[in-house]
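Novice: need coordinates for the below:
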Amino acid sequence: MAYQNQWLITGVEETPAKGPRVYALEQNYPNPFNPGTTFDFTIPHDEFVSLKIYNLLGEEVAVVVKENLAAGRYNRKWSPAGLPSGIYFYRFQAGAFVQTRKLGVFK
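Specialist: All right, here's what the predicted structure looks like:
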């Protein structure tokens, strides 16, 4: 005796894709690094985003991101051409969200 499953589809419910809900700035990797590193960040809304590198004196030494971005997850690569080995800070700003982290450059 054969058994058959019969399926009756009565409707389809669409679930909209959910984007990121929070701001997030991950630690750069690798860290410390030579010759380059990657920054991962997430923004939940379309925003103007900046990611800048500062030395220990608080002087801006590089700009990694400075643009309007749509909500989503991003990564940016950066190479510290011309900068000496040492400790630096990177500052991420998207709208009112601001976060700073430390990174090490070793050549």
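
Novice: helix, strand or coil for Ala81?
Specialist: coil (DSSP: H, G, I helix; E, B strand; the rest coil).

Novice: what's the neighbour count on it?
Specialist: 8 (other Cβ atoms under 10 Å). Backbone N, C-alpha and C define where each C-beta goes, glycine included.

Novice: next one: Gly104
Specialist: 15.

Novice: what bridges to the residue positioned nearest the centre of the chain?
Specialist: In the chain, the centroid-proximal residue (Cα atoms, centre = their mean) is Phe41; its distance is 1.5 Å. For Phe41, the residues forming beta bridges with it (DSSP bridges) are Leu25, Tyr74.

Novice: ok, it - contacts?
Specialist: Tyr23, Ala24, Leu25, Glu26, Val49, Leu51, Arg73, Tyr74, Asn75, Phe92, Ala94 (Cβ atoms under 8 Å, 6 or more residues apart in numbering).

Novice: could you do Pro35 as well?
Specialist: Ser79, Pro80, Lys107.

Novice: list buried residues within these.
Specialist: With neighbours counted by 16 or more other Cβ atoms under 10 Å, those contain buried members at Pro80.

Novice: in TSV: the contacts of Pro35, plus distance to Asn31 and pLDDT.
Specialist: As requested, the contacts of Pro35 are exported to TSV (distance: Cβ to Cβ, whole Å; pLDDT from 0 to 100):
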residue	distance to Asn31	pLDDT
Ser79	14	94
Pro80	12	93
Lys107	14	80
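
Novice: would you turn the contacts of Pro35 into a markdown table with distance to Thr100?
Specialist: Compiled in a markdown table, the contacts of Pro35 are given as follows (distance: Cβ to Cβ, whole Å):
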| residue | distance to Thr100 |
| --- | --- |
| Ser79 | 21 |
| Pro80 | 17 |
| Lys107 | 23 |
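
Novice: which helices and strands sit right next to the helix or strand containing Arg91?
Specialist: Using DSSP states H and E, Arg91 maps to strand 86-94. Judged by 3 or more Cβ pairs under 8 Å, 6 or more residues apart in numbering; DSSP states H and E, strand 86-94 is in contact with strand 37-43, strand 47-54, strand 60-69, strand 97-105.
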